[in-house]
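J.: Take a look and give me a structure for this.
(2 chains)
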Amino acid sequence: MSARVQSESFDLGAELSGFGAGAGAIVTFSGLVRDEGGRLVALEIEHYPGMTEKALAAYGAEAAQRFGLSDWRVIHRHGRLAVGEPIMMVATAARHRQAAFAAAEYLMDWLKSRAPFWKREIGPGGAGAWVEARSEDEDALSRW
Amino acid sequence: MAVDVLYFAWLRERIGQPRERIETRAATVRDLVAELVALDEWHAAALSDLAAVRVALDQELADLDAPLAGVREVAFFPPMTGG
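T.: Alright, predicted model coming up:
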């Protein structure tokens, strides 16, 4: 049960070693930097040190209680991330798959709209626009 | 009272600094915004569209009408784009 915010990359396989021991179901999700049809070479991710760590831990604990998780992990990176690099991961462990899938979706929905990260596009010519929040991401929270 | 005011993403860029210490008599976040907007044109531009601004008080999300009593750190930022 842990949340981490870091600039360095992570190894999904290594993160899952020993994760959720004794669970009946483990779900993992990992988000990667897209090139958006060749428009981007990287993303620059800013965050709010202090608040970010607290928010991730709180959303993880909430998911654990709500879905009866036996283990969970959230890792979210910041700084400049090249196309293809991992941005973040969530892993959830539960007795059955329904809870593990639902908890992973729940965590993703909260991370997208309520964790203090801001993405900026980096194109071949340098820094571009800040990524705008999508209303679908905000709407997704209402299902919980 | 004095509060630390933090800015992130395009709000930080428009205001030209990541944080500042503000002496304020504001009772609510909305009152503090009015004081900041009156400081100069950069604050006014950054805080002109409050529908595009989110707020945290002592690192917890809050709304514009939240009271400032006892708060030490106020942050303004755009809607979050994590994940």
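J.: Pull out the buried positions in the helix ranked longest in chain B.
T.: Counting by DSSP state H, the longest helix found in chain B is helix B:29-37. Buried residues in helix B:29-37, counted by 16 or more other C-beta atoms under 10 Å in any protein chain shown: B:29, B:31-33, B:36-37. C-beta: built from backbone N, CA, C; applies to glycine.
J.: Distance from that helix to the middle of the chain?
T.: Mean C-alpha position of helix B:29-37 versus that of the full chain (C-alpha atoms, centre = their mean, to the nearest Å) differs by 8 Å.
J.: tell me which parts of chain A are close to chain B?
T.: By C-beta under 8 Å from any C-beta of the partner chain, the residues of chain A that approach chain B are A:31, A:46, A:48, A:50-51, A:54, A:76, A:87-88, A:108, A:111-120, A:130-133, A:137-138.
J.: hmm, 7 Å instead?
T.: Listed as neighbours of chain B in chain A under the rule C-beta under 7 Å from any C-beta of the partner chain: A:31, A:46, A:48, A:50-51, A:54, A:76, A:88, A:108, A:111-119, A:130-131, A:133.
J.: Quick one: residues in contact with the longest helix of chain B.
T.: Applying C-beta atoms under 7 Å, 6 or more residues apart in numbering or on different chains, the contact partners of helix B:29-37 are B:24, B:26, B:43-44, B:47, B:50, B:55, B:62, B:64-66, B:68, B:74.
J.: Which of these has the largest number of neighbours?
T.: When neighbours are taken as other C-beta atoms under 10 Å in any protein chain shown, the top entry among those is residue B:74 (25 neighbours).
J.: is it in a bridge, and if so with what?
T.: residue B:5, residue B:57 (DSSP bridges).
J.: Kindly report the same for residue B:62.
T.: residue B:55.
J.: contacting residues for it?
T.: B:29, B:55-56.
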